[in-house]
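Pasted the sequence and its predicted model underneath.
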Amino acid sequence: MGTQPIDEDKKKPRLGLEELGDLIRVPGANIFLTSTKKIFSWAEKSSLWPLTFGLACCAIEMMATFASRFDLDRFGVITRASPRQADLIIIAGTVTVKMAERIRKLYVQMPSPKWVIAAGSCAISGDHYRHIYSVVPGVDWVIPVDVYVAGCPPTPEAFMDGIIKLQEIISSEATNPHFNVAAIKSVIQDAPNEKPKKKQEIPKTGDYISPDELTSHASDLKDSGFDYLTYITAVDYPDTLDVIYEVRSIEKNEDRSWKVSLDHSNPALPSISSIFKGANWHEREAYDLFGVKFTDHPDPRRILLPEDWSGHPLRKDYAMDTSRLPYRPVRKEYEAWKEMLKKG
Ligand code: SF4
């Protein structure tokens, strides 16, 4: 049997009092000299209280890490249900544009000092969803991050490693959280902004009616028992923008669908929300994602994206990686906020 190599690091008490100052032994007493800064850092790193907050699949792994098998209590890590009592937020999951505002609000509500761990490739960079219109390409566009934990999802061991890393950063008083530093202008300039050159021929099928017939057609179907609107959606063909409707008769267990072909230059239709109440939301979605205008709609607002969003993401001419990139329009606000934090 060979002898085990001695790990010098293991002999060092990483979290012990020896790190905090000097013990001086004098006859009849022991004197311990340190600074309040060191004592506070020691207390902070030894009692991290993360917010119980998760966004997507990574959060499941985070929950497993918090559970009894891995026992984070031994690190002094005890989850809190309120941002007012938490000093750590672990961003575990995909950060969407709409959720970004809420994340920032929770972060602001946490008392200082506070720390952020970005856990998983979605929280770090947007990962697979990076170029989707609704996803923020990394939570460090929104709040400053102290530690990044890689993985999809990270294992509980990786989560624990991230927490230990954060403890080391706190105890060494080297906290230096950072925002994403990508040069926004170069991202916009370098990105392709061309419409696809070759138009693909897509065969069209189904029953088409003219825009003028839409209201009476919907009304007739409603009168004949098709009283449930299943959906309104659209398809962006190279030469037309087609809006597709489906209604259902619950009693007869039958569906009816029809389509209306529109010109890209003026995609407008009358609303059928006075006939089918559910059309109100479906039409808002068709407007939000495809830019179809419903002329007498009672509440013509976007439904999924912020009201100041530019363009309609499911249209073929919607260019990704341009100034319409997710979250870029409101990034300025965070730049200003970052400046404010710097000034204290
Ligand atoms: S990094 Fe992977 S596991 Fe985590 S939220 Fe994204 S897709 Fe899900």
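Structure's in. What do you need? Just so you know, these numbers come straight off a predicted model, no measurement behind them. Residues are numbered from 1 along each chain as shown.

Which positions are bridged to Ala234 in the beta structure?
Val243 (DSSP bridges).

tell me the pLDDT at it?
Listed pLDDT for Ala234 reads 95.

separation between it and Ala150?
Distance of Ala234 to Ala150, computed by CB to CB, to the nearest Å: 39 Å. Backbone N, C-alpha and C define where each C-beta goes, glycine included.

What of Gly162?
9 Å.

These two: which is more packed in?
Per other CB atoms under 10 Å, whichever of Gly162 and Ala150 has more neighbours is Gly162, with 22 against 13.

any idea how far the ligand is from that one?
The gap separating Gly162 from the ligand is 14 Å, by CB to the nearest ligand atom, to the nearest Å.

Could you do Tyr287 as well?
For Tyr287, the distance to the ligand - CB to the nearest ligand atom - is 30 Å.

Correct me if wrong: that residue contacts Arg302.
Yes: contact criterion CB atoms under 8 Å: Tyr287 and Arg302 qualify, at 7.0 Å.

Which one's more surrounded, those two?
Counting neighbours by other CB under 10 Å for Tyr287 and for Arg302 shows that Tyr287 has the greater number, 20 against 15.

Arg130: what's its closest spatial neighbour, skipping adjacent residues?
Distances taken as CB to CB, 6 or more residues apart in numbering place Pro137 nearest to Arg130, at 4.8 Å, with adjacent residues excluded.

Tell me if the one you found really is in a strand.
No: assessed by DSSP: H, G, I helix; E, B strand; the rest coil, Pro137 does not belong to a strand; its assignment is coil.

near the ligand, which residues of the stretch 101-250 of the chain?
Residues of the stretch 101-250 of the chain found near the ligand (CB under 6 Å from any ligand atom) are 120-122, 127, 152-153.

which one of these is nearest Phe70?
Phe70 lies nearest to Pro153 out of those, by CB to CB, at 14.2 Å.

Tell me, what's the model's pLDDT at the closest one?
94.

In contact with it, which residues?
If you count contacts by CB atoms under 8 Å, 6 or more residues apart in numbering, Pro153 has them with 57-58, 60-61, 92, 119-120.

Narrow those to those in strands?
Among these, the residues falling in strands (DSSP state E) are 92, 119.

For the contacts of Pro153, which single residue is the most surrounded?
Ala119 (31 neighbours).

Might you report the residue contacts of that residue?
Ala119 neighbours (CB under 8 Å, 6+ apart): 58, 62, 90-92, 149, 151, 153-154, 158-159, 162.

how does it look with 6 Å?
If you count contacts by CB atoms under 6 Å, 6 or more residues apart in numbering, Ala119 has them with 58, 90, 92, 149, 154.

Quick check: the residue lying closest to the third one once chain neighbours are set aside vs Tyr208, distance?
Distances taken as CB to CB, 6+ apart place Cys58 nearest to Ala92, at 3.9 Å, with adjacent residues excluded. In this structure, Cys58 and Tyr208 are 45 Å apart, going by CB to CB.

show me where pLDDT drops low in this structure?
The model of the chain has pLDDT under 70 over residues 1-17, 181-206, 319-344.

For it, which segments count as helices?
For the chain, the helices defined by DSSP state H cover 8-11, 36-45, 57-66, 97-109, 121-125, 156-171, 184-190, 214-223, 279-290, 328-343.

in the sheet, who's paired with Leu262?
Here Leu262, judged by DSSP bridges, has bridge partners Leu241.

got the contact list for Thr233?
Contacts of Thr233 (CB under 6 Å, 6+ apart): Ile244.

for Tyr148, same thing?
Per CB under 6 Å, 6+ apart, neighbours of Tyr148: 118, 124.

And it, how far from Ala123?
Counting by CB to CB, the gap from Tyr148 to Ala123 is 8 Å.

returning to that earlier point: what touches both of Tyr287 and Arg302?
Between them, Tyr287 and Arg302 share no contacting residue, judged by CB under 6 Å, 6+ apart.

Now do the closest residue to Ile275 other than its chain neighbours against Ile31, distance only.
Of all residues not flanking Ile275 in the chain, Ala218 sits nearest, at 5.0 Å (CB to CB, 6+ apart). From Ala218 across to Ile31, the span is 87 Å (CB to CB).

same check, this time on Val108
The value you get for Val108 to Ile31, if CB to CB is used, is 43 Å.

Can you pick out the most distant pair from the residues of the stretch 101-250 of the chain next to the ligand?
Asp127 and Pro153 (10.6 Å).

Break the protein down into its structural domains.
47-187+328-343, 208-294 (automatic domain parsing).

Arrange the ones you listed in JSON lines, one row each, with distance to Asp317 as further columns.
Converted to JSON lines, the domains of the chain look like this (distance: least, CB to CB, whole Å):
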{"stretch": "domain 47-187+328-343", "distance to Asp317": "13"}
{"stretch": "domain 208-294", "distance to Asp317": "8"}
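
burial of Val136, as a residue count?
Neighbour tally, Val136, other CB under 10 Å: 28.

swap in Pro298?
10.

Quick check: phi and psi on the nearest residue to it once chain neighbours are set aside?
Nearest non-adjacent residue to Pro298, counting by CB to CB, 6+ apart: Ser273, 6.3 Å away. Main-chain torsions, Ser273, degrees, to the nearest 10: phi -70, psi -20.

how close does Ser273 get to Ser249?
Counting by CB to CB, the separation of Ser273 from Ser249 is 20 Å.
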